[in-house]
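Chemist: Can you look at this prediction? I've put the sequence above it.
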Amino acid sequence: MNLLLTLSAVFIFIALYFVFSMTRHARRRRPVRATRSLAGGVVSGALGSASILLAFSYYGYGRLVDEQLVSRIEFSESAPGEYTARVMIDGKMDRLLILRGEEWQIDARVINWKPPATLLGLDPIYQLDRLSGRYSDIDDEMSEERTVYALSEEMTLDVWRVARKFPGLMPGVDAYYGTATYLPMADGARFEVTLSRTALLARPVNDAAREAVGNWAR
């Protein structure tokens, strides 16, 4: 983030220089040079603004140092084939979400870095993406109502989207990928979700969850 903020400051300084140059050429009635300076100022200002947005986008992701707890989820059955999920993520308010089906799935985005980014001490970053209900039967999955919820807010300029659409603009990105895990839902079941540098993992933490997983795996 410090690097991106430094780059944005440099680009903004360059933009101000072009604005000053454009004003000077305009006063001396040099329209061609004034136009060139204006173009340079617009480009530099745009790059500076983009760097600022990317910096705050990066800051919005969590740091992934080792396998770590990223969420807790509790379920209560509200109707046949319908569950209320209480989603607990550190630093955010708990959310109550209605999921339909027999299973739940959580998705995350992960970005790993390579030199020169790693030389700056950048850790891999992640963001929980969505939570959804699943049906164990494929026919139900295609015909029944789907329930899916975003777990992160949309950003004006997101480092994940930039890495996917314009990889040449982010040479320090080594890999960007999605990872997901799913398990059965059950009344009273509680799970912990952890994330390593390779995958999401969901583990049952009470008897209701362990029983649901045991019956589901058979």
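Modeler: That came through, no problem.
Chemist: my read is residue 179 is in a strand, agree?
Modeler: Yes. Judged by DSSP: H, G, I helix; E, B strand; the rest coil, residue 179 forms part of a strand.
Chemist: For it, give the beta-bridge partners.
Modeler: Judged by DSSP bridges, the bridge partners of residue 179 are residue 108.
Chemist: What distance do you get for it to residue 136?
Modeler: 21 Å (C-beta to C-beta, to the nearest Å). For the C-beta atoms, the positions are set from N, CA and C on the backbone; glycine is no exception.
Chemist: And those two? Which one has more around it.
Modeler: Using other C-beta atoms under 10 Å as the criterion, residue 179 and residue 136 rank with residue 179 on top: 18 against 12.
Chemist: residues touching the more buried one, list them.
Modeler: Residues near residue 179 by C-beta atoms under 8 Å, 6 or more residues apart in numbering: 107, 108, 110, 195, 198, 199, 200.
Chemist: Of these, which belong to strands?
Modeler: Residues of the contacts of residue 179 located in strands (DSSP state E): 107, 108, 110, 195, 200.
Chemist: got those residues as JSON lines, with pLDDT, neighbour count and distance to residue 143 columns?
Modeler: Shown next, in JSON lines, are the ones in strands among the contacts of residue 179 (pLDDT from 0 to 100; neighbours: other C-beta atoms under 10 Å; distance: C-beta to C-beta, whole Å):
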{"residue": "107", "pLDDT": "94", "neighbour count": "18", "distance to residue 143": "22"}
{"residue": "108", "pLDDT": "91", "neighbour count": "24", "distance to residue 143": "28"}
{"residue": "110", "pLDDT": "84", "neighbour count": "22", "distance to residue 143": "32"}
{"residue": "195", "pLDDT": "88", "neighbour count": "24", "distance to residue 143": "32"}
{"residue": "200", "pLDDT": "89", "neighbour count": "22", "distance to residue 143": "27"}
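Chemist: mind listing the helices in the protein by residue range?
Modeler: Per DSSP state H, the chain carries helices over the ranges 2-27, 31-59, 138-143, 159-165, 207-217.
Chemist: still on that earlier bit, between the ones in strands among the contacts of residue 179, which sits nearest residue 161?
Modeler: Distance to residue 161 across the ones in strands among the contacts of residue 179 (C-beta to C-beta) is lowest for residue 110, with 14.3 Å.
Chemist: Tell me if I'm right that that closest one and residue 177 touch.
Modeler: Yes. If you go by C-beta atoms under 8 Å, residue 110 and residue 177 touch, sitting 5.8 Å apart.
Chemist: which of the contacts of residue 179 lies closest to residue 131?
Modeler: Of all these, residue 131 sits closest to residue 107, with 7.8 Å by C-beta to C-beta.
Chemist: Could you check how far the closest one is from residue 209?
Modeler: Distance from residue 107 to residue 209, by C-beta to C-beta: 20 Å.
Chemist: Report the two of the contacts of residue 179 separated the most.
Modeler: Farthest-apart pair in the contacts of residue 179 is 107 and 198; separation 14.8 Å (C-beta to C-beta).
Chemist: For residue 135, grab the count of nearby residues.
Modeler: Neighbours around residue 135, by other C-beta under 10 Å: 18.
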